[in-house]
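Return a 3D structure for these sequence lines:
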Amino acid sequence: MSLLEVKNLNITFDTPEGIVRAVSSVNFNLDKNDSLAVVGESGSGKTQLVFSILGLLAKNATSLGSIKFKSKEILNASEKELNSIRSKKISIIFQDPMTSLNPYMRICDQLNEVLIHHKGISKKEALQESIRMLDAVKIPKAKNRINMFPHEFSGGMRQRVMIAMSLLCNPDIIIADEPTTALDVTVQAQIIELFKEIKKEFQTSLILITHNMGIVDQISKKTLVLYAGRIMEYGLTKDIFMNPSHPYTRGLIEAIPRIDLEYESLKTIPGDPPNMLERTKNCVFRSRCQKPTHDCKEGNIPMGLIEVNPGHWVDQCCINCG
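Model (predicted):
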């Protein structure tokens, strides 16, 4: 039985310009102590996908399909039901550690608030547990630093505080939304190592949202490649890196700089993502495909995923392109 099961998830936004189709027909599973990376460019629907799990979508959003946590349907659940899951069972680390913490509150108060609200323990017990968790994420002299304000911490330290906050209730799943954004390369490496240690120590499942393919193979067991709200490729990370079968996936991997190569300019994927206001049954990647092997503009090519190898799924329109 999967810990988290997403089936045929569709998310739209009603805007003054029209209906934005942010996520279309997304399916994936997450098992206990599993790890999944959701990758793609900005605007591909990654954050809206995970927001739907915790009921954090904007009021103008409509979500259809199914999201089951431990076999219980949670998509469009009530606030009361979702509040019993948020932080306790599924925790999220939001983008940008520089702005995620309240600048007017001491670190101790922000951590204690989570424990007092969700676990109902005393302030003294909460403080002890908060210090223990800051130690767990390797913040030096945690007992002294816990009374500081966020501005007294570096970017990397603030990210560690956010990770500690997500671990306070020992959740089954941690969702990390771009956890290395705005951090320098050295600190990024430290955060990735920290996630590895946390997974091993706390036996927590992880959903990593990122556009940085360079960190994916270090931390995630499975990878889901999202483009224009649709799955382009999904499977074991090692299979996707060794045998990328979609031209978009290959473009993302080729865009990773390598220290053993010299570049006049870094590789990119030419073109722009499609307009999400336009509804199409055709291939969403056709305008950026470098070597199409067929004319998919007519809409005669079957859409959807096909299993190219056991557990390795690819959009069947693009499987031979690129």
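
Could you say which helix or strand holds the most centrally placed residue in the chain?
Centrality entry for the chain: nearest residue to the mean C-alpha point is residue 209, 2.2 Å, by CA atoms, centre = their mean. Following DSSP states H and E, the helix or strand that holds residue 209 is strand 205-210.

thinking again about what came up before, quick one: the residue nearest to the centre of the chain from residue 124, how far?
36 Å (CB to CB, to the nearest Å). Yep, even glycine has a C-beta here, placed from its N, CA and C like the rest.

hmm, back to that, point out the other helices and strands that the helix or strand just after the strand holding residue 209 packs with.
Next along the chain after strand 205-210, taking DSSP H and E as the criterion, comes helix 213-219. Judged by 3 or more CB pairs under 8 Å, 6 or more residues apart in numbering; DSSP states H and E, the packing partners of helix 213-219 are strand 35-39, helix 185-202, strand 205-210, helix 237-242.

re earlier: cross-check the contact I'm expecting between the residue nearest to the centre of the chain and residue 174.
No: using CB atoms under 8 Å as the test, residue 209 is too far from residue 174 to be in contact (11.3 Å).

if we can go back for a sec, would you point to the one among the helices and strands packed on helix 213-219 that's packed deepest?
Of all these, strand 35-39 carries the top mean neighbour count, a mean of 25, counting by mean count of other CB atoms under 10 Å.

partners of that strand in the sheet?
Within its sheet, and counting by DSSP bridges, strand 35-39 is paired with strand 205-210 (parallel), strand 222-227 (parallel).

mind listing what's buried in the strand or helix carrying residue 82?
Here residue 82 is covered by helix 79-83, with elements defined by DSSP H and E. Neighbour counts over helix 79-83 (16 or more other CB atoms under 10 Å) mark residue 82 as buried.

Break the protein into its domains for me.
When the chain is parsed with automatic domain parsing, its domains come out as 4-89+171-272, 97-170.

Same list, those domains, but as TSV with distance to residue 282 and mean pLDDT please.
Shown next, in TSV, are the domains of the chain (distance: least, CB to CB, whole Å; pLDDT from 0 to 100):
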stretch	distance to residue 282	mean pLDDT
domain 4-89+171-272	11	90
domain 97-170	39	91
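
picking that back up, want to try CSV for the strands paired with strand 35-39, with distance to residue 148 as columns?
As requested, these are exported to CSV (distance: least, CB to CB, whole Å):
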stretch, distance to residue 148
strand 205-210, 28
strand 222-227, 37
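
now the angle between helix 185-202 and the strand holding residue 209, please.
160 degrees (axes from the mean of the first three to the mean of the last three CA atoms, to 10 degrees).

Residue 172 and residue 195, how far apart?
Residue 172 sits 16 Å away from residue 195, going by CB to CB.

Over to residue 207?
In terms of CB to CB, residue 207 sits 11 Å off from residue 195.

Spell out which residues are contacts of both of those two.
Common neighbours of residue 207 and residue 195 are listed as residue 176 (criterion: CB atoms under 8 Å, 6 or more residues apart in numbering).

who's in contact with residue 176?
Neighbours of residue 176 in contact, by CB under 8 Å, 6+ apart: 92-93, 163, 166, 195, 206-209.

Residue 62: what secondary structure?
strand (DSSP: H, G, I helix; E, B strand; the rest coil).

Around it, how many other residues sit close by?
Look at residue 62: counted by other CB atoms under 10 Å, it has 12 neighbours.

now the helices for this structure?
46-53, 79-83, 97-100, 107-119, 123-136, 142-145, 155-167, 185-202, 213-219, 237-242, 247-254 (DSSP state H).

Can I get the ones you listed in TSV including distance to residue 40?
Putting those into TSV (distance: least, CB to CB, whole Å) gives the following:
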stretch	distance to residue 40
helix 46-53	6
helix 79-83	26
helix 97-100	22
helix 107-119	30
helix 123-136	31
helix 142-145	36
helix 155-167	22
helix 185-202	19
helix 213-219	10
helix 237-242	13
helix 247-254	8
